[in-house]
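Trainee: Below is the sequence, then the predicted model.
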Amino acid sequence: PATTADGSQLATTSNARDGFQLSVVHLTAEMAPLAKVGGLGDVVTGLARSCTARGHNVEIILPFYECIDESLLEDFKFEFDYDCPKGSEWDGQFQVGGLKTSVYTAKCEGIKMVLLKPDWDETNIFRGGAVYAGSYNETEAYLYFCRAGLEFLKVSGRQPDIIHLHEWQTSAAAMLYWEVYNKAGLSNPRVILTIHNMDNTGECRAEEFRVTGVEGDLFNTVEKALDERTIGHNPERLSLLKGGVVYSNAVTTVSPTYAVETSTGQGGWLSGTLSMYSSKYHGILNGIDDVMWDPMRDLYLPCAFSAENLEGKRFLQKYLRSGLGLAMPEDGQRKPLVVCITRLVPQK
């Protein structure tokens, strides 16, 4: 991998092909432009496209959100239905049934996609006008998605080399993989979890975990997924992100500096867990997707520019200053224009 001036590893979109091929499956709540809320969607798309260009077999498994714009999908088609194990309580008894799940395949941004759609006659999971803005319970929805993703790999006969998880939403897949699926024939994969944002650790009651068809009490210990902040509370709760850290073979985050900070006290209550597993916790500096962000091809810009021809950039500066009501520089005067696009939250 490329490195920065301080020696940090840099994720790039180099088209140099590796001398080996891995089968990689991403299980993620976001993927740009299909389901993009923040930087997670951009990173997943850029990483998948880069690894595909380097010769690896990459698939992204994504929830079939009702709000998805199907016009962004190429070769979109229905594949098959299967029953995803789903737990529920009936007359005071825990039981495991099945929720019909439909599999669709497509390509988006040149990347192979698998979209999993629960039976909307039975549940409202992933229904609504925006990602994360439906009327469904998000904890239930993503616990179902974790189980559905692993069950899809099993029933389709896939044996990827890597299952790459992202954020708290898919962390439970690491827990379910090693406790259920690795013992049930899905034995080849190893699991990587990437933490993009430690602000949400996926708090979950043990009984809520039952939606996966597995008792949450299995993970309700400090060594596994118990949220230490809730010890002595009624009820105590799990942290799905902590469970993902404990159960994954490797854990990565967005930079070497952030990895050090979050494992030495600035990761909140999770710092102790990250420090305990520091041998498998790695910071890899996020790179820029030079396809998605190429100003010569960016359809969202009023005009294009390049390093060789900056006239378009000068026009865009005037365009932005005018739109924001900023003063224009005098003729011959050069003033930098600094723009920051971010969420206005304490973490940032």
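Mentor: Nice, I can see it.

Trainee: from here on, contacts and neighbour counts on C-alpha atoms
Mentor: Will do.

Trainee: ok, the residue lying closest to Glu74 once chain neighbours are set aside - how many residues close by?
Mentor: Excluding the flanking residues, the one nearest Glu74 by Cα to Cα, 6 or more residues apart in numbering is Lys107, at 5.0 Å. Lys107 is flanked by 16 other residues according to other Cα atoms under 10 Å.

Trainee: With Glu223 instead?
Mentor: 11.

Trainee: Which strands or helices does the top helix by length along the chain pack on?
Mentor: Longest helix in the chain, counting residues (DSSP state H): helix 138-155. Contact analysis of helix 138-155 by 3 or more Cα pairs under 8 Å, 6 or more residues apart in numbering; DSSP states H and E lists strand 74-90, strand 111-118, helix 172-176, helix 206-209 as its packing neighbours.

Trainee: The helix or strand just after the third one pairs with which strands?
Mentor: Put plainly, it is helix 172-176. Using DSSP states H and E, the next helix or strand after helix 172-176 towards the C-terminus is strand 190-195. If you go by DSSP bridges, strand 190-195 pairs up with strand 162-166 (parallel), strand 250-253 (parallel).

Trainee: a markdown table for these, including mean pLDDT and distance to Lys77?
Mentor: A markdown table is the format used below for these (pLDDT from 0 to 100; distance: least, Cα to Cα, whole Å):
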| stretch | mean pLDDT | distance to Lys77 |
| --- | --- | --- |
| strand 162-166 | 98 | 23 |
| strand 250-253 | 98 | 33 |
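
Trainee: Indicate which one of those is closest to Ala53.
Mentor: Among the strands paired with strand 190-195, the nearest to Ala53 by Cα to Cα is strand 162-166 (17.0 Å).

Trainee: if we can go back for a sec, mind listing residues that contact the helix or strand that contains the residue nearest to Glu74?
Mentor: According to DSSP H and E, Lys107 maps onto strand 93-108. Outside strand 93-108, the residues that touch it by Cα atoms under 8 Å, 6 or more residues apart in numbering are 34, 72-89, 112-119, 122, 148, 213.

Trainee: For that strand, which strands pair with it and how are they oriented?
Mentor: Counting by DSSP bridges, strand 93-108 is paired with strand 74-90 (antiparallel), strand 111-118 (antiparallel).

Trainee: Tell me how far Phe20 lies from Asn57.
Mentor: 11 Å (Cα to Cα, to the nearest Å).

Trainee: In terms of neighbours, single out the busier of those two.
Mentor: Between Phe20 and Asn57, counted using other Cα under 10 Å, Asn57 has the larger neighbour count: 18 against 8.

Trainee: give me the low-pLDDT residue ranges for the protein?
Mentor: Applying pLDDT under 70 to the chain flags the ranges 1-15, 347.

Trainee: filter the contacts of strand 93-108 to the buried ones?
Mentor: 34, 73-74, 76, 81-88, 112-118, 148, 213 (16 or more other Cα atoms under 10 Å).

Trainee: starting at the chain centroid, how far to stretch 219-230?
Mentor: Distance of stretch 219-230 from the chain centroid (Cα atoms, centre = their mean, to the nearest Å) equals 23 Å.

Trainee: Ends of that stretch, what's the gap?
Mentor: Terminal residues of stretch 219-230 lie 14 Å apart, using Cα to Cα.
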